[in-house]
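A.B. asks: got a predicted structure here, sequence first:
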Amino acid sequence: MEIIAGDTHTAFGLGMREKSVTQSLFTQYIQHKKNQVHCSIGRTVPPHMLCIGILVHTEIHIPVLLAETLSHLALHPGAQVIDCTAGYGGHSTQILKQIQPNGRLLCIDRDPNAIAVLQRKFAEAISSGQVCLFHGEFSQLETACAEHGFSQADAILADLGVSSPQLDTPTRGFSFQKDGPLDMRMNPNSETPSAQEFLQEVGEEELRNILWKYGEEPQGRKIARVIVSQREEHPLTTTGALASLIQKTVSYSTQSRKHPATKTFQALRIYLNGELQELEMWLPQALSVLRPKGRLCVLTFHSLEDRIVKHTLRQWANPPSLLPKDLPVYLEKKNILGTIIKPFPLNASPEESDQNPRARSAKLRVFEKGA
Ligand SMILES: C[S@@+](CC[C@H](N)C(=O)[O-])C[C@H]1O[C@@H](n2cnc3c(N)ncnc32)[C@H](O)[C@@H]1O
C-alpha cells in the first residue's frame, strides 16, 4: 500500500521484521499528523490499520538526543538560533516552539529535498519572518547569516552526517542495503562528481588512501584494486553492484553483523561530500557568529568527526601555550574563548538506542562562548 501524507511519502507492505521501528516512528508520526493519515487514493484511514505494515521508505527522521540538545542549547523566548543541518526539521520544529514569541530561526541544509520539505513545513513561520532558509553548505555560515540578518546567534546546532531519508531512499545512492544509482551526494545537483563518476576516474592508490583515511578499511588495497581493474569492462553504476563486488572481494566473518561494504560506503560518502573539511571550515565561523555566553551543540556519529570537534573545543577552552616551555606559566594570559559544558560527550540512553538504532553512535558536545 502506498501512503502519502503531507510531506511524508511512505510505502508499506506486510511483515514483522521492522515492526517495532515502524511502530515507534508511527507514534511520532501520528502525534505529528493529529491522528490522521491520508492514503494515496485520497481516503483518510485510522492509524491502527496501518501499524501492521513494514516501513519500506520514509521521509521521517527521528531527531537524535532531542531533549538533551534542546536543554543544552539553553533556549529562551526571543532567541536567535541557527540549525546548520536542519534536515527535515526534527530539531528545528522543537527549537521554534521554545523561542516563541519573537525568536528567529535560520535553517541551513545543502540537500534540495530537505529545503523543499522545510519550505512546506515552516511555510507560515517563513512568511512571518520567524524562520529563514538557506540552501547551501554550513561552511558558508557567515554568508548565510549576512544574507538573513543574523548578526549574532544565541544558539547554534549541527547534527552531522546524513538523515534517515537520505540513507533510506534508494535513489540517493547512500545505502548498500538498497539498490540504487551510485550517487552519494547530499546535494545531487552540485557539480561535485557522483560516486559512480568518481570510481570510474580515481587512481588505485588514491582510492586505497581514501578508504583507509575516511573508513579505516583495512582491506582497502584489495577493494581499490578490484574496482580499478574491472571498471573498463564493467563500470559500477549501482550501490548493489558495488556492495556485491566488495562482498566477493574481501574476507569477512559470517558472524559479523556489519556488512563488508560498510566502511567503503562510509569512506566514499565522507570523501565525496567533503564532510570533514566542511566541519573544519564551519567551527571557527560558528564561534564568531555566537554571541557572548551563546551555546554551540554538535552531534557527531563517527570518530573522525568527533575527534575534530573534541580537539577544536579543547583548544578554544584551553588554548595551547605560545611561550617557551621553561618560562613560568603565570606570565601568560591565555586567550580563553569559552567553556566546555560537559567534559565527556552525552550519549543516547539504551531506550533511545533501542527505538532508533541511528542514535547508538551519537555523541553530543556542548560549548559556551566566553562573556
Ligand atoms: C542528521 S541530518 C539532520 C536531521 C535534523 N536534525 C532533524 O532532526 O531532522 C543531517 C542533515 O545535514 C545536512 N548536511 C550535512 N552536511 C552538511 C553541510 N556541510 N552543509 C549543509 N548541510 C549539511 C544533510 O543534508 C542532512 O539533511
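C.D. replies: On my side now, so go ahead. As the structure is a computational prediction, the values presented were derived from the model and not from experiment.
A.B. asks: okay, and the nearest residue to Leu279 once chain neighbours are set aside sits in which element?
C.D. replies: In space, and not counting its chain neighbours, Leu279 is closest to Ile308: 5.3 Å by C-beta to C-beta, 6 or more residues apart in numbering. In short, each C-beta sits where N, CA and C put it, glycine included. Per DSSP states H and E: Ile308 is located in helix 303-317.
A.B. asks: do I have it right that the residue nearest to Leu279 meets Glu278?
C.D. replies: No. With contact defined as C-beta atoms under 8 Å, Ile308 does not reach Glu278; the gap is 10.2 Å.
A.B. asks: confidence score at the residue positioned nearest the centre of the chain?
C.D. replies: The centre of the chain sits closest to Gly161, judged by C-alpha atoms, centre = their mean, with a distance of 2.9 Å. pLDDT for Gly161: 96.
A.B. asks: in a strand, it, correct?
C.D. replies: No. Assessed with DSSP: H, G, I helix; E, B strand; the rest coil, Gly161 is coil; it does not lie in a strand.
A.B. asks: I figured it was touching Phe301, is that so?
C.D. replies: Yes. Between Gly161 and Phe301 there is a contact at 4.6 Å, judged by C-beta under 8 Å.
A.B. asks: overlap of the contact sets of the two?
C.D. replies: Counting by C-beta atoms under 8 Å, 6 or more residues apart in numbering, Gly161 and Phe301 have no contacts in common.
A.B. asks: for the residue nearest to Leu279, what are its contacts?
C.D. replies: If you count contacts by C-beta under 8 Å, 6+ apart, then Ile308 has Leu276, Leu279, Glu280, Leu283 around it.
A.B. asks: grab the nearest non-local neighbour of the third one.
C.D. replies: For Glu280, the nearest residue in space outside its immediate sequence neighbours is Ile308; the separation is 6.2 Å by C-beta to C-beta, 6+ apart.
A.B. asks: quick one: pLDDT of the one you found?
C.D. replies: 98.
A.B. asks: how close does it get to Ser194?
C.D. replies: Ile308 is 25 Å from Ser194, where distance means C-beta to C-beta, to the nearest Å.
A.B. asks: swap in Glu305?
C.D. replies: Glu305 is 22 Å from Ser194, by C-beta to C-beta.
A.B. asks: for Asp183, same thing?
C.D. replies: As defined by C-beta to C-beta, Asp183 lies at a distance of 5 Å from Ser194.
A.B. asks: quick one: common contacting residues for the two?
C.D. replies: Contacts common to Asp183 and Ser194, judged by C-beta under 8 Å, 6+ apart, are Gly173.
A.B. asks: how about the strands in the stretch 101-250 of the chain?
C.D. replies: Ranges of strands within the stretch 101-250 of the chain are 104-109, 131-135, 153-159, based on DSSP state E, counting those that start in this stretch.
A.B. asks: right, and those - which one's nearest the ligand?
C.D. replies: Evaluated over these, closeness to the ligand peaks at strand 153-159, with 3.7 Å, by C-beta to the nearest ligand atom.
A.B. asks: name the helices or strands packed onto the closest one?
C.D. replies: Packing contacts for strand 153-159, counted by 3 or more C-beta pairs under 8 Å, 6 or more residues apart in numbering; DSSP states H and E, involve strand 80-83, helix 90-98, helix 275-289, strand 290-300.
A.B. asks: who's in contact with the longest one?
C.D. replies: Under the contact criterion C-beta under 8 Å, 6+ apart, helix 275-289 has outside partners 82, 84, 137-139, 141-142, 145, 150, 152-153, 156, 158, 160-161, 214, 269-270, 296, 304-305, 308-309, 312, 316, 337-338, 369.
A.B. asks: how does it look with 6 Å?
C.D. replies: Glu137, Phe138, Ser139, Leu141, Glu142, Cys145, Ala153, Ile156, Leu296, Glu305, Ile308, Thr312 (C-beta atoms under 6 Å, 6 or more residues apart in numbering).
A.B. asks: which ones among the residues you listed come in contact with the ligand?
C.D. replies: Contacts with the ligand within these, as defined by C-beta under 6 Å from any ligand atom: Glu137, Phe138.
A.B. asks: from the contacts of helix 275-289, list the buried ones, please.
C.D. replies: Glu137, Phe138, Ser139, Leu141, Cys145, Ala153, Ile156, Leu296, Glu305, Ile308, Thr312 (16 or more other C-beta atoms under 10 Å).
A.B. asks: from these, which is closest to Leu322?
C.D. replies: Checking the buried ones among the contacts of helix 275-289 against Leu322 with C-beta to C-beta, the nearest one is Thr312 at 17.6 Å.
A.B. asks: residues touching that closest one, list them.
C.D. replies: Leu283.
A.B. asks: pull the number of nearby residues for the closest residue to Gln98 other than its chain neighbours.
C.D. replies: Nearest residue to Gln98, sequence neighbours excluded (C-beta to C-beta, 6+ apart): Leu75, at 4.1 Å. Per other C-beta atoms under 10 Å, the neighbour tally for Leu75 reads 20.
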